[in-house]
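A.B. asks: No letters, just coordinates:
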C-alpha cells in the first residue's frame, strides 16, 4: 500500500512538472481560421500568416511576433515603393502626394516597431494601435489620383494590416 502511494505521488509530481515545463502548445489551423475569419479575406490572411515557416509550430506569443514581422515587411516594401514613386515623378502635385505617403508609411513603421517591442515583452494588451495601419494606408491612397499605380500595394497593405491587428487582438484576449 505504501509503495502504491509513492508511485501515485511520483506520477502526480511528474505530471505537474510536465505542465509547468512544457512550452505553449502550437497554434492550430482552427485558431488561424478563427483569426482570419474576421478579416476582409480569410484565405489571404491565412496565406500571410503561413508564409512564415515558423507559424506551423508557433505558440500564440510567437504568432504575434510573426504577424508583426510580416506586416513590417509589407510596410517596408510599400515605403520603398512610395519613395521611388516620389523620386521618379515630375508632376509637382503627385510629388507632394507621394511625399505624404512616405511620411504616412514612416509613421506606420514607427507604430510597428513599438508594437513589436511590446510583443517581445508579452504586453499584448498594450498593443492597441495596429488598427491605425488600415486608416493610414487609406489616408495615403485617398490622397492620390484615382489613376495612381498604387492600388495593388495599398490592397496588400490593408490585408496585412487586418491580419496583424486581428492576430494581436486574438493573442491579447487569450
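C.D. replies: Structure's in. What do you need? Since the structure is predicted, the reported quantities are computational estimates derived from the model, not experimental observations. Numbers count the residues shown, from 1 in each chain.
A.B. asks: And residue 150, how far from residue 56?
C.D. replies: As judged by Cβ to Cβ, to the nearest Å, residue 150 and residue 56 stand 33 Å apart. For every residue, glycine as well, the C-beta is placed using N, CA and C.
A.B. asks: Repeat that for residue 76.
C.D. replies: Taken as Cβ to Cβ, the span from residue 76 to residue 56 is 24 Å.
A.B. asks: which residues of this structure fall in helices?
C.D. replies: Secondary structure of the chain (DSSP state H): helices at 2-21, 29-36, 42-50, 60-88, 92-120, 132-142, 151-173.
A.B. asks: buried ones in the fifth one?
C.D. replies: Yep, that's helix 92-120 we're talking about. 94, 97-98, 100-102, 104-105, 107-108, 111-112, 115-116, 118-119 (16 or more other Cβ atoms under 10 Å).
A.B. asks: what do you get for stretch 121-128?
C.D. replies: 124, 127.
A.B. asks: now do the same end-to-end measure for that stretch.
C.D. replies: End-to-end distance for stretch 121-128: 14 Å, by Cα to Cα, to the nearest Å.
A.B. asks: Now do that stretch: everything it contacts.
C.D. replies: By Cβ atoms under 8 Å, 6 or more residues apart in numbering, the residues outside stretch 121-128 that reach it are 61, 64, 115, 118-119, 168, 171-172.
A.B. asks: repeat that with 6 Å
C.D. replies: 115, 118, 168, 171-172 (Cβ atoms under 6 Å, 6 or more residues apart in numbering).
A.B. asks: Let me know the closest of these to residue 39.
C.D. replies: Using Cβ to Cβ, residue 168 is the member of these that lies nearest residue 39, at 12.8 Å.
A.B. asks: Go ahead and confirm that closest one touches residue 64.
C.D. replies: Yes. Using Cβ atoms under 6 Å, residue 168 is in contact with residue 64, at 5.4 Å.
A.B. asks: gap between residue 146 and residue 109?
C.D. replies: Taking Cβ to Cβ, one finds residue 146 at 26 Å from residue 109.
A.B. asks: Residue 31 now?
C.D. replies: 28 Å.
A.B. asks: Could you tell me the per-residue confidence at residue 25?
C.D. replies: Looking at residue 25, its pLDDT stands at 77.
A.B. asks: and if you look at the one 3 residues further on?
C.D. replies: Confidence per residue is given as pLDDT, and for residue 28 that number is 94.
A.B. asks: From residue 161, how far off is it?
C.D. replies: For residue 28, the distance to residue 161 - Cβ to Cβ - is 24 Å.
A.B. asks: One more: residue 104?
C.D. replies: The value you get for residue 104 to residue 161, if Cβ to Cβ is used, is 12 Å.
A.B. asks: do residue 171 as well
C.D. replies: Taken as Cβ to Cβ, the span from residue 171 to residue 161 is 16 Å.
A.B. asks: Alright, I will stop here.
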